[in-house]
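J.: have a look at this prediction, sequence included:
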Amino acid sequence: MQVVSVQRGDSPIVLGQPHGGTFVPEDLAASLNDTGHALADTDWHINRLYEGILADATVVQSHVHRYVIDANRDPEGVSLYPGQNTTTLVPLTDFDGHPIWLDGQEPSVDEIGLRRQAYHAPYHAALADELQRVRDRHGVAVLFDCHSIRSHIPYLFDGTLPDMNIGTDGGATCSSKIESVAKKFAGSSPYSTVLNGRFRGGWTTRHYGRPAEGIHAVQMELAQSTYLSTEAAPWSYDAAKADRLRRWLRDILDAIQDTALELTQ
């Protein structure tokens with residue numbers, strides 16, 4: 001099984017997709033309970049949503065499901081949101097707080113270490129290589145980390161999640177100009193938008209976003225209601241909804257790309 005795939009382009013934009021994969025090795029799948037087997041917390045169809053959205057963008061995609069190991073968590077297991085409900089490097093529950101492993105078959109510390117080497121490390125090695133490559137080419141690189149989630153998850157947040165959730169860790173992970181255009185173009189869309197709300201950028205965004213070194217990172221967490229027929233199984237892709245959303249995502253990415261290249265002049 002291919003753990004990670006890279007679609008290489010010449011744009012300064014790299015689209016990271018850590019949570020769209022659904023692969024679970026057979027031996028690990030045998031330890032999942034019925035809740036775990038549902039794979040409900042997948043970023044459903046995220047690769048399809050962004051496919052071809054920006055000419056020459058590089059795409060780095062993990063094919064491994066986040067229940068195996070979460071590629072957007074600190075490999076040392078440090079919490080992204082101390083004091084708030086969240087899931088861990090290898091989740092023990094789903095987003096509703098329900099256990100996903102059979103009793104007594106939760107992953108051990110040693111098992112987590114093996115998964116980190118087999119699945120987490122290869123994704124980040126590929127992502128780091130591509131960010132370095134495009135920065136060497138353009139003098140700048142922008143990681144646009146692509147995510148989606150159900151809009152109603154009481155275990156994680158109150159009420160209804162905005163449609164577009166932009167995360168820059170309070171402006172630390174990218175130039176203020178890049179943050180500004182992302183917010184401006186998202187805000188001009190018909191979708192509700194928030195900057196650094198409940199999702200202010202995961203480990204990937206915070207780890208790679210080093211604007212002083214010419215590498216910028218922005219996380220986009222989309223409410224799945226913006227492009228799925230319904231936020232429940234079978235998680236069907238709604239082409240009409242998605243095409244409407246893609247028009248605005250394309251504008252956001254075009255604006256970020258133009259702004260990033262201006263930073264090098």
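T.: Yep, that arrived.

J.: and Leu253, how far from Phe144?
T.: Applying CB to CB, to the nearest Å, the value for Leu253 to Phe144 is 6 Å. (Each C-beta comes from the backbone N, C-alpha and C, glycine too.)

J.: same deal with Leu222?
T.: For Leu222 relative to Phe144 (CB to CB), the value is 12 Å.

J.: neighbour count for the two, which is higher?
T.: Remark: of Leu222 and Phe144, Phe144 carries more neighbours, 27 against 24, as counted by other CB atoms under 10 Å.

J.: so the more buried one sits against Asp254, correct?
T.: No: Phe144 is beyond contact range of Asp254, at 11.6 Å (criterion: CB atoms under 8 Å).

J.: returning to what we had before: list the residues that contact both of Leu253 and Phe144?
T.: Ile13 (CB atoms under 8 Å, 6 or more residues apart in numbering).

J.: give me the pLDDT value at the closest residue to Pro211 other than its chain neighbours.
T.: Leaving aside its chain neighbours, Pro211 sits nearest to Ser175 (5.0 Å; criterion: CB to CB, 6 or more residues apart in numbering). Ser175 carries a pLDDT score of 98 in this model.

J.: ok, the one 10 residues further on next?
T.: The model reports Phe185 with a pLDDT of 97.

J.: phi and psi next, for it.
T.: phi -70, psi -40 (degrees, to the nearest 10).

J.: show me the contacts for it.
T.: Here Phe185 is in contact with Trp248, Asp251, Ile252, Ala255 (CB under 8 Å, 6+ apart).

J.: skipping its backbone neighbours, what lies nearest Arg48 in space?
T.: Tyr237 (6.3 Å).

J.: how many neighbours does the one you found have?
T.: Neighbours around Tyr237, by other CB under 10 Å: 14.
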